[in-house]
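K.L.:
build me a model:
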Amino acid sequence: MCGRAKRASVFGLPSSSFYHKTLSFSPIFPDFSRMDYQHLIEEVYHEVQAENLKGKVADYIPEIGNVNPNHFGIALVDLKGNVYGVGDHQVPFSIQSISKVHTLTMVFNVFNSKLWSRVNVEPSGDPFNSIAQLEYEKGIPRNPFINAGALVITDALCSKFDQPIDQITNFINELAGATCVKINPDVKKSELNHGERNTALAYFLKSFKNFNNPIDEVLEVYFSHCAMEMSCVDLAKSFSFLANDGFSIFADRQILSESSARRINALMLTCGFYDEAGEFAFKVGLPGKSGVGGGVAAVMPHKFSIAVWSPELNEKGNSVKSIRAFELLTDKLAFSLF
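P.N.:
The predicted structure follows:
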């Protein structure tokens, strides 16, 4: 009970109300309507900073390797459009694989069942750029968020849109309610110059008849959307529709059906963190997607979307501070999908 009382103080609940409910043995859930989100994320931010966690910046993409490793920011957006932020929450950073959620959203309803004959929906359990797994499974990637699966999604985009790079950019801007997305040409060049593994994956897919467009054209689009930069604020806004049954308050329209939004959330929960997805689901219990730029975007359905950024990564390719921030967040909320 003492532990629960401490958590309840985060939400500004009167202690008398809390003890009355506790002693009457009624279940207690956070009162989201009265929650002080700004206080919550500031508390998380300072606790993470105090732990002095260390990792390694993704220097295999040279331009990302030059980023200041001490950056750390959190932004939370509720479903009324209120924005809360702390730290470097307005500093643009390379979102990398987080953009795969946006591209998947663009093709989700266009290809319907045909899409799932080209890419599966299972966790990989292997590194995100594994060639061996793709060969073993005869050219059908495990899920849309590993590199091979994202290449299939990008190939589908190239089949659907005449100017896919512009249309991806415009779509994400619409979701964020602002002209905020920029493609960093230096990051893109770094990716192109060190993209041998992704090129190999594309040729493997082509050999299994799971690639329809010229490889160079698809890789150009793929590296472009991985080189997009956004701030935590804009990234959280762009994920808001997934917390809101597919409706974007910033675009003011239904982006996906409620059932389709649930499916993307399910994919993020099971596949959104490379081969650390199970541990994130176990410790945090929220749908989300990470990127090797150090960002993580996630949603608490029907409540809020949130983005955290810190460049230093763990051995699985996920941000050390960002992951820890989410662990503390859900602990303080005493709430997850489970």
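
K.L.:
can we go C-alpha only for contacts and neighbour counts from here?
P.N.:
Fine.

K.L.:
can you give me the neighbour number for A58?
P.N.:
Counted by other CA atoms under 10 Å, the residues lying close to A58 total 22.

K.L.:
so it sits right up against E312, yeah?
P.N.:
Yes: here A58 lies in contact with E312, judged by CA atoms under 8 Å, at a distance of 7.4 Å.

K.L.:
now do N210: how many residues are near it, please.
P.N.:
A count of nearby residues for N210, using other CA under 10 Å, gives 21.

K.L.:
on the three-state scheme, it is what?
P.N.:
The assignment at N210 comes out as coil when based on DSSP: H, G, I helix; E, B strand; the rest coil.

K.L.:
how is this structure divided into domains?
P.N.:
Taking automatic domain parsing as the reference, the chain has its domains at 1-35, 36-333.

K.L.:
take those and lay them out in JSON lines including mean pLDDT.
P.N.:
Listed next are the domains of the chain as JSON lines, based on pLDDT from 0 to 100:
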{"stretch": "domain 1-35", "mean pLDDT": "41"}
{"stretch": "domain 36-333", "mean pLDDT": "95"}
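
K.L.:
among these, which is the most enclosed?
P.N.:
Greatest average neighbour count among these goes to domain 36-333 (a mean of 20), per mean count of other CA atoms under 10 Å.

K.L.:
how far does that domain sit from its chain's centre?
P.N.:
A distance of 4 Å separates the centroid of the chain from that of domain 36-333, by CA atoms, centre = their mean, to the nearest Å.

K.L.:
so what's L313 bridging to?
P.N.:
As for beta bridges, L313 partners with K56, S319 under DSSP bridges.

K.L.:
ah, wrong one, I meant V296
P.N.:
The residues that V296 bridges to, once DSSP bridges is applied, are S290, V308.

K.L.:
so who does it touch?
P.N.:
Counting by CA atoms under 8 Å, 6 or more residues apart in numbering, V296 touches I98, G288, K289, S290, A307, V308, W309, S319, S322, I323.

K.L.:
find the nearest non-adjacent residue to the residue positioned nearest the centre of the chain, please.
P.N.:
By CA atoms, centre = their mean, the mean C-alpha position of the chain lies nearest to K289, the distance being 2.5 Å. Nearest residue to K289 in three dimensions, chain neighbours excluded: G272, at 4.4 Å (CA to CA, 6 or more residues apart in numbering).

K.L.:
strands along the stretch 101-250 of the chain, start to end?
P.N.:
Counting by DSSP state E, counting those that start in this stretch, one finds strands in the stretch 101-250 of the chain at the ranges 182-183, 228-230, 247-248.

K.L.:
those into TSV, with extra columns for distance to G195?
P.N.:
Listed next are the strands of the stretch 101-250 of the chain as TSV, based on distance: least, CA to CA, whole Å:
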stretch	distance to G195
strand 182-183	17
strand 228-230	16
strand 247-248	34
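
K.L.:
among those, which is nearest V110?
P.N.:
Minimum separation from V110 across those (CA to CA) falls at strand 247-248, 17.4 Å.

K.L.:
which strands and helices sit next to the closest one?
P.N.:
Identification of packing neighbours for strand 247-248 by 3 or more CA pairs under 8 Å, 6 or more residues apart in numbering; DSSP states H and E yields strand 253-254.
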